[in-house]
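Participant: Sequence first, then the predicted structure, then my questions.
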Amino acid sequence: MLALMGEGIIWELFTEALLIWGAWLVMKKCERKPWLAIIPGVREYQLAKCCDREADGRRLLIATVLMYLLQIIDKVADVKSSKGLATDQSIWFLILLVVQLSTIIMLLVYMIRIFGGLCDLFGYKRKWMWFIVLISDSFLLLLWGLRKKCQPKYIYKDDIGEVGAAISGRNVKVLDSGLTVNIEERTAGGMLKKNTLLRDIHLNIEPGHMVLLLGGSGAGKTTFVNAVIGYEKAKANMVLNGNNIYDNYDKMKYRIGFVPQMDLMRVNDTVIRTLMDAAKLRLPASMSVAERRERATVVLKFFGLEPVKDKLCEKLSGGQRKRLSIAMEYISNPDLFVLDEPDSGLDGVMARELMQGLRNIANQGKIVIVITHSPDRVIDLFDDVIVLAKDSRLTGRLAYFGPVDQAKQFFERDNMERIVLRINRKEEGGEGLADSFIERYAEVCNG
């Protein structure tokens, strides 16, 4: 019996040594610290980072730690049972078994995902992944580590570009009227790591301006919008018409209108009923029903919805639904309007009609900020453009803010879509010049 136990321990040590050896070699090829291969959990986390699957690696590390804790609990329970100290263990045994099985499944899922990423990294078909389950994960690691011809397709760094674009070190002066944005940073906590989503964004928007928010996928447009309107606060000073949005959010949220991409309305209600419900929510409680109805009538006329006021929302055309969505926010006569792709799904004629309506709102002294993926068909309606770009550390930064015509000169491109291509990363089909334009714009501002 003791001989069998000894053989079992020797085998475990042998397989662990092979695993460490394989992980050491792979991590060395991927330019990571190979000595971390010695530490269970951390080893798999580092392998995940080799193939740009850090999120899976963090989850696997947590599952590994949990498994070790469960094994300790299991051993303690066995000792107590052998000494006759335990009472009724049936329910605890069942709970422990369920947790252990769930953890094992988690470990298998994330290991398969990580080794799938490693297969892609080293140019192997994913069928090789099943060696993890059927034979041993150390087999694949040794194969990739020992073969000289087996080299990673790319090297993933923790801090791509190390420092990213330089910080401008500026703040804009707070306007008495209009919108002032001074974002130092916007971060999001993750397991074992804090991610910086936005950094160093400073600008002033004057009343009466309609502004295009431009940027490639992942540049931080939605994060920026959420920070501005106070939905997700950043480390920032956000002031609208002399009032700090964050400090006075309960009051200021009624001075801001936000229209998401998806329509938020009950399809079985009529247009007038929908607008009256919005008035009840967004207008002061002291207003009478008659006053709210009068305001709703004014808004219906402004958006050209009076002829369909008794029509069910589900019967409206796409353009009418978009206008109603905007009208629901406009009912409270906000100072700042933010719209996320209001022209999505509309043809050129309907899109222009909708954007002209937003231009009319801006002409009333309001600030209108619009995200759209088809800016060039309506670019003449905008006063300014905000260009956000991912720097080399994948953080959303300000690459330009100002008049549309000057933006074309700054980026040396004749339309907005080509401007986005200038700042998009090369692997996204762009020119990869984000850092250059971020720093150039900062120099112009600090001029």
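Facilitator: Right, received. Where do you want to start? Residues are numbered from 1 along each chain as shown.
Participant: Now do the same contact list for residue 423.
Facilitator: 215-216, 219, 387, 389-390, 399, 411, 430-431, 433-434, 437 (C-beta atoms under 8 Å, 6 or more residues apart in numbering). All C-beta atoms are positioned from the backbone trio N, CA, C, and that covers glycine.
Participant: Secondary structure element holding residue 22?
Facilitator: Assigned by DSSP states H and E, residue 22 belongs to helix 2-29.
Participant: Off-centre distance for that helix?
Facilitator: Counting by C-alpha atoms, centre = their mean, to the nearest Å, helix 2-29 is centred 40 Å from the centre of its parent chain.
Participant: now stretch 241-258
Facilitator: Worked out by C-alpha atoms, centre = their mean, stretch 241-258 lies 24 Å from the chain centre.
Participant: Just give me the neighbour total for residue 365.
Facilitator: Using other C-beta atoms under 10 Å, residue 365 has 13 neighbouring residues.
Participant: how far is stretch 261-276 from where the chain is centred?
Facilitator: When C-alpha coordinates are averaged (C-alpha atoms, centre = their mean), stretch 261-276 and its chain have centres 28 Å apart.
Participant: likewise stretch 231-248?
Facilitator: Centroid separation for stretch 231-248 versus its chain: 21 Å, with C-alpha atoms, centre = their mean.
Participant: what are the C-alpha coordinates of stretch 295-303, in CSV please?
Facilitator: What follows is stretch 295-303, C-alpha atoms only, in CSV (Å, rounded to 0.1, in the frame of the first residue of the first chain):
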residue,chain,number,x,y,z
ARG,A,295,-46.3,70.8,-23.5
ALA,A,296,-46.8,67.4,-25.3
THR,A,297,-48.9,69.1,-28.0
VAL,A,298,-46.0,71.6,-28.6
VAL,A,299,-43.5,68.8,-28.9
LEU,A,300,-45.8,66.8,-31.2
LYS,A,301,-46.0,69.7,-33.6
PHE,A,302,-42.2,70.4,-33.4
PHE,A,303,-41.4,66.8,-34.5
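Participant: Could you list the buried residues of that stretch?
Facilitator: Buried residues in stretch 295-303, defined by neighbour count with 16 or more other C-beta atoms under 10 Å: 295-296, 299-300, 302-303.
Participant: taking the mean pLDDT, what do you get for it?
Facilitator: What stretch 295-303 shows for mean pLDDT is 90.
Participant: For it, which outside residues touch it?
Facilitator: Counting by C-beta under 8 Å, 6+ apart, 271-272, 275-276, 279, 283, 287, 306, 309, 323-324, 326-327, 330-331, 357, 360 sit against stretch 295-303.
Participant: redo that, cut-off 7 Å
Facilitator: Identification of contacts with stretch 295-303 by C-beta atoms under 7 Å, 6 or more residues apart in numbering yields 272, 275-276, 279, 283, 306, 309, 323, 326-327, 330-331, 357.
Participant: what do you get for stretch 105-124?
Facilitator: 44, 47-48, 50-53, 56-57, 59-60, 63-64, 67, 125-126, 128-129, 132, 137, 140, 144, 150, 152-153.
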